[in-house]
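[1] Can you look at this prediction? I've put the sequence above it.
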Amino acid sequence: MSHVKEAPSGGRDTHPVTAGAARSGRPRGGGFVGLRPPFKTILIFLLPASIVFAIFVLGPVSFSAYTSFFEWNGRGSITEFVGLDNFRRLAGDEIFRGDLFRGGMIILLSLVVQLPFAFGLAMLLHQKFPGRTIFRLIFFVPYVLSEAVTAVLFTLLLSPSRGAVNQFLSAIGFGDVEILWMADRNLVLYTVFAVLCWKYFGFYMILFLAGRQNIPQELYEAAKVDGATAVEQFRRITLPLMGPTVRVTVFLSVIGVVQLFDLVYILTSGGPGHSSETMAITMYDYGFQRNEVGYGSAISIVMFLICLIFALLYQRYVLKRDLQGSVAGAAQSEGRN
Amino acid sequence: MSVLSMRARVSKNIGLYFAAFLVASFIVTPILFALLGGFKDNAQLGESPMGLPSPWNTENYTNVLIDLTFWRQVVNSTGIALATTFLTVGVGAMVSFVFARYAFRGREVLFMTFATGLMFHFAVAVLPLFIILRALGMLNNPLGVILPQVAFGLPLTIIILRSFFRQIPGEVEEAATVDGASPWTFFTKVLLPMSRPVLATVSVLALVNSWNNFLLPLVVLHDSSWWTLPIAVTQFSGQYASDTAKVLAFVMLAMLPALVFYAFAERHLISGLTSGSTKG
């Protein structure tokens, strides 16, 4: 780790910096001269968190990276170096390629169905009408429940013969409904997606709502004075200024799907016949059930890299624009129209 | 004209209420199904899954509530969540404090390292984590769940706390320092008390994440006496797969603490999630 420069007692650069002060242009903490704590003190504050983070986050990831180059059953010494074999095997693994495809499908469905739905509800709840606080409260409830509870609950609701959903469909006149929500290979992914939506749309709705509330009301008033219709206001003000929030939700959604485990594992264990399996479930299967720890580690590392590379690219090419300030961004897209 | 606009307003709101009620019913129905289902027997469940129970049957609930293993699981979940929260917020606040207020070499790199962790769930690291915990002798030990949860909770905590600590004016620290306060005294006696609302926010997030965690306790806590509620729910539903009403009662009781907690801490939870994901 690095060590700190000797503090010249008059040097402004090495003063303890408070960003708030720096941003507002106030003279930065003049009274701190010579009072900055020695590096030892800083170290004491840094150490507990750094040690825990190093052992339980950085450690496992590095260890995974190492074992992914070996064939190892998880016990004893790690000796059988196989180079990139695990990754080569992964590239040809039907199940793993299926995981990627299914992950892509769920991401696509999220972007096309879940996020627009959450967006619409946020716009709805932004309007002032009696009871909207209660609706907001209700919509967010599923997010608070654990994925375990949610999955068990939906297993019962969706049970083919005795589940409430099929019985309800029968009762409203669809005949004797016995839909195999989670046993039908062609249906299971959509079922899983529906449960995911149930659990998470409230979270995205809350983010959209916060984003909408950050748009200054004056813009709409000015637009009204200029004679803009509601549709025009939505297209020219709301949509562009919601850009940063939309980009963040897309990011969270993708990252979440790549690492999806709990809900799907409890609902279907990835079945039937791998048709709802995710990368994390494949990893769990190899690592914990079949004792192919090297191969499982390779899957972990691929998940890690997908997230990291996606985050870097997203940061570089998509989120970059948000740094220019949302109003400037809106002005830009105005200009393009 | 005013009549027309009023009518327009009412009909607009009718559409609004219709949509809101429709969505709300999709949310509430499954939970209501569990709540009512727990009061039925399986015959009633088969006949009318959504109707009111007749007669109301409290046996399923009381059977769970008089079972000491259930309470043991509640205690496990609570203990692990409280310890996780205390440690996450404690060490997170310490490191956020120096990140926010002191310049030192390597600060940005270190902060970025923590912040990158925000992206990752347990799924990415659980396999090597398991092996490391095994080597440390921490399997079947609540610490084996608590410490990794602290580590994975730190990124969000640090991002939120750092940005809050930065906004506290330098004059406050100056005054304390002139009065002879050490950084530690300033931190514990001035900064933390000033930060109560944001500490509540990060605490709520850590608490909820720990309470709901499934994958880590699943691989770490094999011994059933250490099971937390999420593990217990899945085990219970497997064990009594044919007794749906019984499972529904258990599911309902297992989700109740979260619902009650949400009713009280909703504000903190939502402010934490929105600030965490927009700053992250």
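    Arrived safely, thanks for sending. Numbers count the residues shown, from 1 in each chain, chains lettered A, B, ... in the order given.
[2] Let's check: the centremost residue of chain B is which one?
    Central residue check for chain B by C-alpha atoms, centre = their mean: the C-alpha nearest the mean position is that of B:Val208, 0.9 Å away.
[3] List the buried residues in the host helix or strand of that one.
    In the assignment (DSSP states H and E), B:Val208 maps to helix B:196-212. Neighbour counts over helix B:196-212 (16 or more other C-beta atoms under 10 Å in any protein chain shown) mark B:198-212 as buried. For every residue, glycine as well, the C-beta is placed using N, CA and C.
[4] Does A:Asp184 fall in a helix, a strand, or a coil region?
    Per DSSP: H, G, I helix; E, B strand; the rest coil, the local secondary structure of A:Asp184 is coil.
[5] sorry, back to before: and the next helix or strand after the helix holding B:Val208, how far from the chain's centre?
    Scanning forward in sequence from helix B:196-212 by DSSP H and E, the next helix or strand is helix B:215-220. Relative to its chain's centre, helix B:215-220 lies at 16 Å (C-alpha atoms, centre = their mean, to the nearest Å).
[6] residues in contact with helix B:215-220?
    A:261-262, A:288, B:80, B:122-123, B:126, B:129-130, B:133, B:138-141, B:144-145, B:148-149, B:226-228, B:230-231 (C-beta atoms under 8 Å, 6 or more residues apart in numbering or on different chains).
[7] out of these, which are buried?
    Judged by 16+ other C-beta under 10 Å, buried ones among the contacts of helix B:215-220: A:261-262, A:288, B:80, B:122-123, B:126, B:129-130, B:133, B:138-139, B:141, B:144-145, B:148-149, B:226-228, B:230-231.
[8] one step back: the buried residues of helix B:196-212 also near chain A: which ones?
    B:208, B:211-212 (C-beta under 8 Å from any C-beta of the partner chain).
[9] by contact count, what packs against the helix holding B:Val208?
    helix B:68-101, helix B:142-166, helix B:244-279 (3 or more C-beta pairs under 8 Å, 6 or more residues apart in numbering or on different chains; DSSP states H and E).
[10] Quick one: list the elements packing against the first one.
    With contacts taken as 3+ C-beta pairs under 8 Å, 6+ apart, helix B:68-101 sits against helix A:39-53, helix B:107-116, helix B:142-166, helix B:196-212, helix B:229-239, helix B:244-279.
[11] I'd like the next helix or strand past the second one.
    If I follow you right, that is helix B:107-116. According to DSSP H and E, the helix or strand after helix B:107-116 is helix B:122-135.
[12] quick one: buried residues of stretch A:69-86?
    A:69-72, A:74, A:78, A:82, A:85-86.
[13] what residue ranges in chain A score low on pLDDT?
    A:1-37, A:321-337 (pLDDT under 70).
[14] Show the end-to-end separation of stretch A:123-130, please.
    Start and end residues of stretch A:123-130 are separated by 15 Å (C-alpha to C-alpha, to the nearest Å).
[15] quick one: it to chain centroid distance?
    26 Å.
[16] repeat for stretch A:253-271
    12 Å.
[17] For that stretch, measure first residue to last.
    23 Å.
[18] Could you check that stretch against chain B for contacts?
    Yes: contact of stretch A:253-271 with chain B (C-beta under 8 Å from any C-beta) involves A:255-256, A:259-262, A:266.
[19] what comes into contact with the helix or strand hosting B:Ala43?
    Per DSSP H and E: B:Ala43 is located in helix B:42-47. Applying C-beta under 8 Å, 6+ apart, the contact partners of helix B:42-47 are A:162, B:37, B:51, B:53-54, B:57, B:243-245, B:248.
[20] Domain-wise, how is chain B divided?
    B:2-57, B:60-279 (automatic domain parsing).
[21] I'd like these laid out as a markdown table, including mean pLDDT.
    Below are these laid out as a markdown table (pLDDT from 0 to 100):
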| stretch | mean pLDDT |
| --- | --- |
| domain B:2-57 | 81 |
| domain B:60-279 | 91 |
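[22] and those domains as CSV, adding distance to A:Leu319?
    Output for these, formatted as CSV (distance: least, C-beta to C-beta, whole Å):
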stretch, distance to A:Leu319
domain B:2-57, 30
domain B:60-279, 11
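[23] now, of these, which is deepest in the fold?
    With neighbours taken as mean count of other C-beta atoms under 10 Å in any protein chain shown, these reach their highest mean count in domain B:60-279, at a mean of 20.
[24] what about the closest residue to A:Ser253 other than its chain neighbours, how many neighbours?
    Leaving out its chain neighbours, the residue that sits closest to A:Ser253 by C-beta to C-beta, 6 or more residues apart in numbering or on different chains is A:Ser110, at 4.8 Å. Neighbours of A:Ser110 under the rule other C-beta atoms under 10 Å in any protein chain shown: 26.
[25] Great, nothing more from me.
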